[in-house]
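Trainee: Show me the folded form of this:
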Amino acid sequence: MIMSYSLYSKPFKPPADLVKDLQAKGLRIKDVNKAERILADINYYRFKIYLVPLQNSGSKIFKPNAVFEDAIQLYRFDDELRDLLFSAIGRIEIKLRSKLDQVACSHTQNPFWYLDKGLFGTGFYNVESTLSRLASDFQRSKDDYSVHFKSHYFNDQHDGFKQLPPFWVASELMTFGQTKTLFEKLDKTAFKLPANGNELDNLARMFGAKNLKTLNNWLALIRDVRNRCAHHSRTWNANYREPHQIWSMLNNNYLPAHKNRIYLCIAMMHHIDNNLGMSLDLKHKLQTLFSKYPIALPHAKAAGFPQDWDKDSFWD
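Mentor: Next comes the predicted model:
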């Protein structure tokens, strides 16, 4: 396919001109001065995606009765949804690190298990790059626990990472992506149980997943959502990978409109919460959020929410 390029020549437009353009396309603005202040504070390129639901399909012309303030409400709804999700993911992340360490330490009797090449098989090549970044972060860390270990100890588990501490210390500096890498690269054959079964599958079942493969699918989705939240990106109607296992848990009368939207991810997090007993209370928090920003309700389908989603017994 031959690509055709042209010189980018769109000029900068100040907020006042942007407001006039929106009005020319049929958008009603109740308070022009306030709209100009908002567009001075929020990059228009970032904000305009929240105007799309107010436009006619396939057109930049706005629907009758569309108002600028509705887009602001959608923007605020998405902002608070990200805060809600980021907080819940943080709670889940702590559980992931803690449960993984408990299972791996118990199975190997080695607090430095994450430095053991034998537990990762051919996947240790990927783990080494993660350990290199972790080692660099640990060396720079000024936290008390880091300074204490560096001042008193070393390990004899891996010649390239003698400065790294036990996992329960190192994990405090790990990113979600690094934790996900460890889960993903662990070799299940190293965690077989004498009487059938597998420690890593048992670990996955603590979170409500049927096995490690399913849990790793969930972690990839959580990582994607977490990154969007951390970078303040549009979250409410973005596309995501489908979490395995969750669709079949929902009542047939309340199946989501889209499998690749945030609803199924939130349902997955609720399922994890049910298994771990963290009391995330996602159902009530979402109900409160929709009540605070009622403009989001007519557009909830775009986020995957089925009508009357909260009546599904899945959420009880």
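
Trainee: which secondary structure elements does the top helix by length along the chain contact?
Mentor: Counting residues, the longest helix found in the chain (DSSP state H) is helix 68-108. Contact analysis of helix 68-108 by 3 or more Cβ pairs under 8 Å, 6 or more residues apart in numbering; DSSP states H and E lists helix 167-170, helix 176-185, helix 199-206, helix 212-230, helix 262-276, helix 282-292 as its packing neighbours. (C-beta placed from N, C-alpha, C; glycine too.)

Trainee: The same query, at a cut-off of 7 Å, please.
Mentor: Secondary-structure packing of helix 68-108 (3 or more Cβ pairs under 7 Å, 6 or more residues apart in numbering; DSSP states H and E): helix 176-185, helix 199-206, helix 212-230, helix 262-276, helix 282-292.

Trainee: Pull the contacting residues for residue 181.
Mentor: 126-127, 130 (Cβ atoms under 7 Å, 6 or more residues apart in numbering).

Trainee: Give me the distance between the closest residue to residue 306 other than its chain neighbours and residue 301.
Mentor: Counting by Cβ to Cβ, 6 or more residues apart in numbering, residue 254 is the residue found nearest to residue 306 once chain neighbours are left out, at 4.8 Å. Here residue 254 is placed at a distance of 12 Å from residue 301 (Cβ to Cβ, to the nearest Å).

Trainee: Same question for residue 63.
Mentor: Residue 63 is 16 Å from residue 301, by Cβ to Cβ.

Trainee: Tell me which of those two has more neighbours.
Mentor: residue 301 (17 against 13; other Cβ atoms under 10 Å).

Trainee: If you drop the residues flanking it in sequence, what lies closest to that one?
Mentor: Residue 301's closest residue in space is residue 257 (Cβ to Cβ, 6+ apart), at 4.7 Å.

Trainee: Can you check the pLDDT for that neighbour?
Mentor: Residue 257 carries a pLDDT value of 85.

Trainee: So it sits against residue 304, correct?
Mentor: Yes: Residue 257 is within contact range of residue 304, at 6.0 Å (criterion: Cβ atoms under 7 Å).

Trainee: ok, the two, which is more surrounded?
Mentor: residue 304 (23 against 14).

Trainee: how about that one, what does it touch?
Mentor: Residue 304 touches 256-258, 261-264, counting by Cβ under 7 Å, 6+ apart.

Trainee: So what's the residue count around the closest residue to residue 289 other than its chain neighbours?
Mentor: Spatially, and ignoring its direct neighbours in sequence, residue 289 is nearest to residue 80 (5.9 Å; Cβ to Cβ, 6+ apart). Residue neighbour count, defined by other Cβ under 10 Å, stands at 15 for residue 80.
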